[in-house]
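>>> model this:
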Amino acid sequence: MLAAASAILLLIALSSMVYGFWYLFARRYMSYHAELTGVAWGDIPPRYQAIILGMLKMVGAGMLAFGVALAWLVLPLSQGERWPIWAILTLLVAHGFVSVYVTITLRRVNPAAQTNVASACAGVAASLGALVLAYLA
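Below is the predicted model of the structure:
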């Protein structure tokens, strides 16, 4: 069970790092952002584009930091140490639940927009499931 929990958490860490890099190096907002706002990237004034890109980079840095921290915590967890369970839970509350909250809030702005509510919820659920597996192991 511990190996399965570690593998799930490493997959989540890796996906968070990939999304983090994607946001860090974005040159415009994503298609779902355009769908949410109803405004094409080219129609946004350059100063606002700079602000949006800055926020995307901050979000990307948060995703990258979460992924790196999670990956490092999987190492002692996979060796049977118990304390990483609580550290990972703390990371999950600080990052995962905020991500779910933000995606749900954005969906309320434009219910037709394809914000990543399902993937944010799935990531948190998979992380919690992996922590339960690790705790039981």
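
>>> Which other helices and strands does the helix or strand where residue 51 lies contact?
For residue 51, the host element (DSSP states H and E) is helix 46-78. Applying 3 or more CB pairs under 8 Å, 6 or more residues apart in numbering; DSSP states H and E, we find helix 46-78 packed against helix 2-24, helix 83-91. No exception for glycine: its C-beta is placed from N, CA and C like everyone else's.

>>> closest to residue 66 out of those?
Proximity to residue 66 (CB to CB) singles out helix 2-24 among the helices and strands packed on helix 46-78, at 5.2 Å.

>>> rewinding a little: can you list the buried residues in the helix holding residue 51?
By 16 or more other CB atoms under 10 Å, the buried positions in helix 46-78 come out as 52, 56, 59-60, 62-64, 66-67, 69-71, 73-74, 77-78.

>>> host element of the closest residue to residue 99 other than its chain neighbours?
Closest residue to residue 99 apart from its sequence neighbours, by CB to CB, 6 or more residues apart in numbering: residue 120 at 4.7 Å. Residue 120 belongs to helix 117-136 when elements are defined using DSSP H and E.

>>> model confidence over that helix, on average?
Averaged across helix 117-136, pLDDT comes to 84.

>>> Could you check the angle it makes with helix 83-91?
Here the directions of helix 117-136 and helix 83-91 differ by 160 degrees (axes from the mean of the first three to the mean of the last three CA atoms, to 10 degrees).

>>> buried ones in helix 117-136?
117, 120, 123, 124, 126, 127, 130, 131, 133, 134.

>>> what does it rub up against?
1-2, 4-6, 8-9, 12, 15-16, 77, 82, 84-85, 88-89, 92, 96-97, 99-100, 103-104, 107 (CB atoms under 8 Å, 6 or more residues apart in numbering).

>>> Filter those residues down to just the buried residues.
2, 5-6, 8-9, 12, 16, 77, 84-85, 88, 92, 96, 99-100, 103, 107.
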